[in-house]
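>>> My questions are about this predicted structure, shown below with the sequence.
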Amino acid sequence: MPTIIYPVKDLSQAKTLYSKLVGVPPYVDEPYYVGFRVGDQELGLDPHGHSQGITGPVGYWEVDDIKQSLELLLGSGAETLQPVRDVGGGKLIATVKDADGNITGLMQSP
């Protein structure tokens, strides 16, 4: 699971906190997303996460075919929380919720 995204309400405050936590400055610092790389792990801050139904950190599984993976999860009882969408540069993401309310993310790189 190479990516974990945190929904945040105060992006500036969260950026300061997580910069100190991970010990590196963000490699992406935009009003819509702040991202840190720590080794092979990405930690992202999403100021729009709460408005999209994300209530806590979400791990994103890297998949080869996001549409097929999404269909497999939906066929196993998951519900779509966020349909497949391009978040820039051809990177696709989607999120589902399982029967216990746990949120899982899928990510397909270009």
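Cool, the structure landed. Since the model is a prediction, treat every value here as computed from it, not as a measurement. Numbers count the residues shown, from 1 in each chain.
>>> CA only for contacts and neighbour counts going forward, please
Will do.
>>> Please report the distance of Trp61 from Val96.
12 Å (C-alpha to C-alpha, to the nearest Å).
>>> cool, and Gly88?
20 Å.
>>> Which elements pack onto the strand ranked longest in the chain?
Scanning the chain for the strand with the most residues, using DSSP state E, yields strand 79-86. Under the contact criterion of 3 or more C-alpha pairs under 8 Å, 6 or more residues apart in numbering; DSSP states H and E, strand 79-86 touches helix 66-75, strand 92-97.
>>> which one of these is the most hemmed in?
Highest mean neighbour count of the helices and strands packed on strand 79-86: strand 92-97, a mean of 21 (counted as mean count of other C-alpha atoms under 10 Å).
>>> Rounded mean pLDDT for that strand, please.
Strand 92-97 shows a mean pLDDT of 96.
>>> Strand partners (parallel or antiparallel) of the next helix or strand after that strand?
Counting by DSSP states H and E, the next helix or strand C-terminal to strand 92-97 is strand 103-108. Under the criterion DSSP bridges, strand 103-108 sits next to strand 58-62 (parallel), strand 92-97 (antiparallel) in its sheet.
>>> Find the centremost residue of the protein, please.
Ile5 (3.9 Å; C-alpha atoms, centre = their mean).
>>> Any idea how far the host helix or strand of it is from the middle of the chain?
For Ile5, the element it lies in under DSSP H and E is strand 3-7. Strand 3-7 sits 4 Å away from the centroid of its parent chain (C-alpha atoms, centre = their mean, to the nearest Å).
>>> who does that strand touch, helix- and strand-wise?
strand 41-46, strand 58-62.
>>> so which of those gets nearest Lys20?
The closest of these to Lys20 is strand 41-46. By C-alpha to C-alpha, the value is 12.9 Å.
>>> Tell me the buried residues in the closest one?
42-46 (16 or more other C-alpha atoms under 10 Å).
>>> ok, of these, which one's closest to Thr16?
Distances from Thr16 to the buried residues of strand 41-46, taken by C-alpha to C-alpha, are shortest for Leu45, at 11.2 Å.
>>> Let me see the contact set for that closest one.
5-8, 11, 14-15, 33-35 (C-alpha atoms under 8 Å, 6 or more residues apart in numbering).
>>> I appreciate the help and will end here.
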